[in-house]
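**Student:** Sequence and predicted structure are below.
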Amino acid sequence: SLIEHLIVNERESRQIAAAGGIKGSEDHIDRLRNLCDVIAPNVLLTLGRQGAVVGCRAESAERDVEVHPLTVPAHAMADRRGLGFVVSGVYAALVAVGATAQEAATLACSGASLAASLPGPKHLDLDALLRLTYREIESHVADGIEVFSRIRDEALPVIDQAARLLMEAY
């Protein structure tokens with residue numbers, strides 16, 4: 001395929017599916033999967049207030065298209081024209097510098113949320129996008145700390161007890 005990434009909104013995805021005779025054009029997830037199979041391995045489908053969905057065709061023929069639903073946070077859900085352009089632009093810029101389709105789409109939806117929260121004309125600069133990325137990293141680190149703390153507090157005593165039972169049995 002000559003196209004690596006396709007960025008479309010709901011209406012455009014229906015038109016492409018209909019023009020190409022692509023089946024499953026009523027359900028957006030089926031349409032996304034089929035667009036990934038036929039048009040481009042990575043498809044970002046923007047859904048207005050519902051956020052976006054990104055589909056990534058697996059390199060292996062044994063795996064199906066992975067679909068990742070993404071959402072624009074609640075404060076951006078008001079009718080904000082142009083958010084699709086923000087999502088598309090940020091996605092394209094991030095893919096150009098080597099981000100995966102899922103990483104680019106996630107940050108693009110966060111960028112759209114940030115743009116929606118700003119008064120007046122929308123302008124996202126590199127510093128604003130980096131702050132979003134840092135917040136995302138902080139969130140993942142905090143989740144990891146919580147998981148390891150729970151392992152320490154809840155699982156280690158059970159593992160210790162099991163190890164002692166095995167040693168006694170031995």
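**Tutor:** The structure has been received and is ready for your questions. Residues are numbered from 1 along each chain as shown.
**Student:** what bits of the chain have low per-residue confidence?
**Tutor:** For the chain, applying pLDDT under 70 flags the ranges 1, 23-25, 49, 60-63, 68-85, 113-125, 129, 133.
**Student:** Do a quick rundown of the strands in it.
**Tutor:** Taking DSSP state E as the criterion, the chain carries its strands at 5-9, 42-46, 52-56, 66-70.
**Student:** tell me the contacts of the closest residue to residue 101 other than its chain neighbours?
**Tutor:** Leaving aside its chain neighbours, residue 101 sits nearest to residue 42 (3.9 Å; criterion: C-beta to C-beta, 6 or more residues apart in numbering). (Each C-beta comes from the backbone N, C-alpha and C, glycine too.) By C-beta atoms under 8 Å, 6 or more residues apart in numbering, the contact set of residue 42 is 4-6, 36, 54-57, 95, 101.
**Student:** for the strands of the chain, which one ends up most surrounded?
**Tutor:** strand 42-46 (a mean of 27; mean count of other C-beta atoms under 10 Å).
**Student:** distance between that one and the chain's centre?
**Tutor:** Centroid separation for strand 42-46 versus its chain: 10 Å, with C-alpha atoms, centre = their mean, to the nearest Å.
**Student:** Measure how that strand sits relative to strand 52-56, angle-wise.
**Tutor:** 170 degrees (axes from the mean of the first three to the mean of the last three C-alpha atoms, to 10 degrees).
**Student:** now the angle between strand 5-9 and strand 42-46, please.
**Tutor:** Going by the same axes, to 10 degrees, strand 42-46 makes 20 degrees with strand 5-9.
**Student:** got the contact list for stretch 87-101?
**Tutor:** Identification of contacts with stretch 87-101 by C-beta under 8 Å, 6+ apart yields 4-5, 7, 42, 44, 46, 52, 54, 56, 72, 103-105, 107-109, 111-112, 124, 129.
**Student:** longest helix of this protein?
**Tutor:** Among the segments of the chain that qualify as a helix by DSSP state H, the longest is helix 126-150.
**Student:** Next up, the contacts around the closest residue to residue 91 other than its chain neighbours.
**Tutor:** Leaving aside its chain neighbours, residue 91 sits nearest to residue 108 (4.1 Å; criterion: C-beta to C-beta, 6+ apart). Contact analysis of residue 108 by C-beta under 8 Å, 6+ apart lists 44, 52, 86-91, 94.
**Student:** what about residue 30, how many neighbours?
**Tutor:** 15 (other C-beta atoms under 10 Å).
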